[in-house]
Every structure is written in structure tokens, then in C-alpha cells.
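Undergrad: predicted model, plus sequence, below.
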Amino acid sequence: MDRLQGRLKRLQHERRRRDAWLTVEIARHKERPRTRDYIAHLIEGFEELKGDRLRADDPAIVGGLGWLGGRAVMVVGHQKGRTLDEQTVHNFGMARPEGYRKAQRLFSLAERHHLPVLTFVDTPGAYPGVAAEEGGQARAIAETMLKMARLTVPVVATVIGEGGSGGALALAVADRVLMQENATYSVISPEGCAAILWRDAAFAPQAAEALRPTASQLYELGVIEKVVEEPRGGAHHHPEVAAAKVGEAIRAALVELDQIEPEERRQQRRERFRKLGVWTEPDAGGTVLSAIPDLRP
Amino acid sequence: MNVTVEIERRDSRPAKPEWICPSCKDGAKLADVRGSLFVCPYCGFHARLTANERIRQLADPESFHELWVTVRTLDPLTFTDLEAYPDRVREAQAKTGLAEAIITGTAKIDGNDCVLAVMDFGFLGGSMGSVVGEKLWRSAELAAEQGLPLVAVCSSGGARMQEGILSLMQMAKTSCAVDIINESGTPFVAILVDPCTGGVVASFATLADICIAEPGALLSFSGPRVIAETTREPLPKGFGSAERNLELGHLDAVVPRKDLKVKVGNYLRLLGGGDTPERRETRRARGRGKGRLAQATADGARTLASLARRPFVGGDGQATGPAEEAPARETPA
């Protein structure tokens, strides 16, 4: 009996690992709809706005103005590209400081003209290059987060593919964070994590399981507000259906956020991030200020 | 003949040095190195410091009162790689005698009252998990509420992977904490020390009003190894060093360790941190405090001296042994 239970446990474990890895693969699928596809499906009359007004335009982040159901909005998102040529142009969605500074500029523009901000997150991470580092990558990311935290307009972020580390979070300091069923969002790529903690990138599936990067797991951790359904097999099977679901979720989030006063909304956003984290404090009555009720001590 | 050999050996091989410089490998007496603030007397290399040593150097004598000492790490993901996360935390606690990778409290620096947060790279690479994020938040909130400046000594390899997405969220959380500080109008000074990389340098550390670093400190978002692997190009000489960052405009100054205290003191005086009661009153009025932390200051204040005797607690809530039994950490990691 014990042996059977052990085997069942092992099988369940293997299944969890396989499921986590499958999600990682779908999130990175070559045919998966990108930010531009969602803009094409959801935003009418999109006018792209380029450049950081300092030195360059970074195609890894695209942004601009458009209409969502008769309402003017600012859209900013990572763009990965699909063909190899596109991917090269967009640097596989890995933004440089210019990209983050463009995002900041567009956020300020939205704030000035009272437009809601919609972001789409889809990046393996910020670009790890010498020029990017020396151009102030770290501070560019930090400032983008601070800028988002300060907005009084509604901010809705949607993770549509890979939410890779700080490069992803820089566009996701939002009032509501939505995430597609097969998207991932993680502090580090499974390969990177495996290389450090397992000392071998081949343990990526193990790392993927341990990091719990899937939408349903993040929902349980209280990090996202909603898991957005995808067509069977993934968004790439029916991009227009996937986009319709995303559009519906964004509109619903905006309706909710419209009920809140601008300054209050900003306070609540700050409070939202303040609560993310898990610790214990025995002297303060053992309170666990946590989104997770049951924890291994 | 034998006697000659004996004498020769004694002359050419002096007693084992108490401290060896990680850079030039020259040996020195521990007392001398402590006197030079763990800066190598021969090559000027700034060795890494423990958080307690850093506080000893930076804060005025007996002025540091630690706060929020009982905030403890949990294992939200039941994360296990080659080792389980709680075991890694317990090991780090045993190694460093610290509860987490950060110590926070109130202090005087060169006569200026402030909130002081000091990270320790020796504790799981100074990685930022929920506890580090929360203690930074409370430090910022206390600073804003009391109109005190915040001084943060940052040293970290980045986010604490074992806490998964929650560690990433600490970047957003600490950036929001900076928002509170900025809103209150109280100064925030960050001292970046070797090494300061990843999620910490891409969040609160570089958002400070004044951002300085120690000579030779490595400061970058991606680590040099990751960059070399991705771009397959050799890194330029001095890449990521404090000096290079100063040249590129990412820092206000590179300050040798012996001058840190006076420099920070100057900044705090200039920004009005330790200033007149009127100025403090204005800031307090502008702050958004809820009064909860003022109570915490009173309740939670403990001197560093009593901290040294405090048994540290393992992840299972059991005292795993008094700090005295832990390996003494006189020399920096």
C-alpha cells in the first residue's frame, strides 16, 4: 500500500513537472500571438508613437494611442516578432534602456491626458548587453516601475506570453494584472534558475516546476487578479478568440477601476504591491501577512 | 647545518597571516585591517563587510537600534532544488548569525538621526526575498512618518529565486516604498557596495536621491557572466565597476570607505535630514503615516549589543543555538 502511494505521489510529481514545462513551451511558442496581434484585434485606429526623446527608438517595446470600445487608451507592450527577421528587429522582445524610457514617456503622456494605460507583457527579460548596461538598464527599469506606481490613471497589465523577470515587471506595476492561461511569469527563466541552483541548465523542467510560473499558480499566490482563458491547445490555435477573451477581461477591469477616485486608485496600487510577500513575525502575535494561508514552517 | 635550516625557515615563512587580501593576496594583521576598515593596507582593495561590521563603521557609537528583529522568512513555494529552501536559510543563519539578508533600524550617522538599512551579501548572496522587501518597506514608511532620512547600504546578487514570483514582486514593492519616501520629502541616500546586481540595483537602490558607491564595487543589472554568454563578446575592461559607472553618469560619487560616514553626514545635512524641528514638522505633516510604526519603534528598539547575544531562530521557529556558537565572522566574506 505504501509502495503504491509512493508511486502515485511520484507520478503526480512527474505530471506537475510536465504540465509546468508544457506551459513554458506554449508561452514561448513561435506562433503565439504577440502584442501587435492583440493591438490589431482589440484597438481601433492605433497610432504608434516611437522614441524615447533622448537617443533612440527601441522596437522591443511598442506603444501608441488607440480606441478601445470608443475610449482613447495608451497601449504599451513588449514585441517579440514571429519570423526570424522580425525577431531580430525586435530583439526577441528584450528591451534596452531606450525601450523602458520610451515606456516612461508614454506613461507620462497618458497621465497628462487622462488616458488609461494598457500594457502587454511578453519578454524573456531585459536585454543583457554591454551597451544596455552602460546605458543605465538598471535605473531605466527602476524608474519605469516608479513611474507606473505614480500614475493616477487606471493601469491594466496583461501577461500574454513570457513574463521574464525585471524586464517584464517594469511594465506590470498595474492596478490589475491579468494573465493568459498559458502565459508564464517568473523571477528568472527556468534555464537560468537551473544553471544557478542545479548548476546545470538541463534541469530547466525541474526549475520550472519549482518556480511555479503558471497563471493558476500565480493566481493562488495573489500576484495576479485574473486568469484569462485561452482556446484549447493555446492562443495560437485561434488568435481572434484569444484576443476577444483578453479584450473582455481588460474592459471588465477598466469598468471596475473607473469606480475608484484617481488618487485612491494610486494608493490602492501601492497597497497591492505592499502586500505581496510572505513572512512571519512571532512577536507581533505571529501574524502572517500573506496571500497564502498554509505554509510549511 | 640543521640549525641554519631551522633559522632560515623561520625567517622566510612568518606566522600565518590573520587576514589575506582577496585582491593582492598580501597578508596583514587583523587588528591593522580592522583599523583600516577592512580596506587592504597594501592595494586599497575594499573587502566585503558583514552588515554588523558595516553598521559599526557607519553609525555613531552605540547609536544603532535594530527594529523588526523578529520578522522571519517563510517558504511560500516549498522550494527545493539540490537543497530545500528552509535548509539554505538555516545554513545562512548559522553562517552569518543574522536572521535575514538585511538589518534595519534607527541610527545616527555623523550626528544625523536616520533610518538605516544594511544588506549582507554573506546571507544567501544578499538576495531580496519577502523579508528584505518588507523590512525596506517599513524602513521607508518609518522614515517618511518620522521625517527621518533613509540610508540604505545595498549589496545583493538580486532577487531570492527560492521565493519565486514573490521575490520579483519585491522589486515593485521597494520601488513603491521609494514613492512613499519621495512623497514625504525626506532624503534617501543609497550606498552601493560590492557586489550590487540584479533586482536590487534595478529597483530601490538606484532610485535614491543620492546614489554613491565604494571604489571597485561591481554594479550591474545582469551579471558579467550572463552578458558574456549572451553577447559572446569579451567585456570591456572595468565593465560594471563603480568607477566606470561614475564615468557613465550613473553615480553621484565614488567614495572611499574611510570617507563614507562624513560624506553621508554631509548629504543628510544638505538635504535637511537632521535639521531644525520646523523642517521635520513640515515633513511629518506631509508624510502619510498611520502611527503604527511609531509604536513599533518604541517596542521593537533593541541595541546592537543585545542583538549580538540574541539566539537566532531557524525556519522551524526553534532557536538553533546562541549566536556565540556560530562561527565568528570577524573577517568579511
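TA: Nice, I can see it. Please read these numbers as outputs of a predicted model, since none were measured by experiment.

Undergrad: please count neighbours and contacts with C-alpha atoms only from this point.
TA: OK.

Undergrad: any figure for the gap between the residue positioned nearest the centre of chain B and residue B:205?
TA: Closest residue to the average C-alpha location of chain B: residue B:119 at 2.5 Å, with C-alpha atoms, centre = their mean. Distance of residue B:119 to residue B:205, given as C-alpha to C-alpha, to the nearest Å: 11 Å.

Undergrad: go on, residue B:159?
TA: From residue B:159 across to residue B:205, the span is 13 Å (C-alpha to C-alpha).

Undergrad: residue 29 - how many residues pack around it?
TA: No chain specified, so I'll use chain A. Counted by other C-alpha atoms under 10 Å in any protein chain shown, the residues lying close to residue A:29 total 16.

Undergrad: not quite, go with chain B.
TA: 13.

Undergrad: which helices and strands does the helix or strand that contains residue B:193 pack with?
TA: Element membership of residue B:193 [criterion: DSSP states H and E] is strand B:188-197. Contact here means 3 or more C-alpha pairs under 8 Å, 6 or more residues apart in numbering or on different chains; DSSP states H and E; on that basis strand B:188-197 packs against strand B:150-156, strand B:210-213, strand B:219-220.

Undergrad: out of those strands, which one sits most buried?
TA: Most buried of those by mean neighbour count (mean count of other C-alpha atoms under 10 Å in any protein chain shown) is strand B:219-220; its value is a mean of 30.

Undergrad: hmm, who's touching the next helix or strand after that one?
TA: Per DSSP H and E, strand B:219-220 leads on to helix B:224-231 as the next helix or strand towards the C-terminus. With C-alpha atoms under 8 Å, 6 or more residues apart in numbering or on different chains as the test, helix B:224-231 has contacts from A:128-130, B:234-235, B:240.

Undergrad: any idea how far the strand holding residue B:193 is from the chain center?
TA: For strand B:188-197, the separation from the chain centroid amounts to 8 Å (computed by C-alpha atoms, centre = their mean, to the nearest Å).

Undergrad: next, the angle strand B:150-156 makes with it.
TA: Counting by axes from the mean of the first three to the mean of the last three C-alpha atoms, to 10 degrees, strand B:188-197 lies at 0 degrees to strand B:150-156.

Undergrad: any stretches of the stretch 1-150 of chain B with poor pLDDT?
TA: B:1-15 (pLDDT under 70).

Undergrad: can you list the residues of it near chain A?
TA: Residues of the stretch 1-150 of chain B lying close to chain A (C-alpha under 8 Å from any C-alpha of the partner chain) are B:70-82, B:129-131, B:133-134, B:137.

Undergrad: got a ChimeraX select line for the buried ones in those?
TA: To isolate the buried ones among the residues of the stretch 1-150 of chain B next to chain A in ChimeraX, judged by 16 or more other C-alpha atoms under 10 Å in any protein chain shown, type:
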select /B:70,71,72,73,74,75,76,77,78,79,80,81,129,130,131,133,134,137
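
Undergrad: where's residue A:36, which helix or strand?
TA: Using DSSP H and E, residue A:36 sits within helix A:35-42.

Undergrad: show me the contact partners of that helix.
TA: A:46, A:68, A:77-80, A:120-122, A:160, A:240, A:243-244, A:247.

Undergrad: so which bits of the helix or strand containing residue A:72 are buried?
TA: Here residue A:72 sits within strand A:71-78, counting by DSSP H and E. In terms of neighbour count (16+ other C-alpha under 10 Å), strand A:71-78 has its buried residues at A:72-78.

Undergrad: can I see the domain layout of chain B?
TA: B:15-47, B:49-310 (automatic domain parsing).

Undergrad: among the ones you listed, which is nearest residue A:271?
TA: domain B:49-310 (8.7 Å; C-alpha to C-alpha).

Undergrad: from what I see, the residue nearest to the centre of chain B and residue B:157 are in contact.
TA: No - look at residue B:119 against residue B:157 with C-alpha atoms under 8 Å: they stay out of range, at 10.9 Å.

Undergrad: continuing past the strand or helix carrying residue A:131, what's the next helix or strand?
TA: Taking DSSP H and E as the definition, residue A:131 sits inside helix A:130-134. Going down the chain from helix A:130-134, the next helix or strand is helix A:137-150, by DSSP H and E.

Undergrad: which residues are in contact with the very next helix or strand once past that next one?
TA: Counting by DSSP H and E, the element after helix A:137-150 in chain order, helix or strand, is strand A:155-164. Here strand A:155-164 makes contact (C-alpha under 8 Å, 6+ apart) with A:24, A:27-28, A:32, A:34-35, A:116-126, A:169, A:171-180, A:182-189, A:250, A:253-254.

Undergrad: one more time with 7 Å
TA: A:27-28, A:116-125, A:172, A:174-180, A:183-189, A:250 (C-alpha atoms under 7 Å, 6 or more residues apart in numbering or on different chains).
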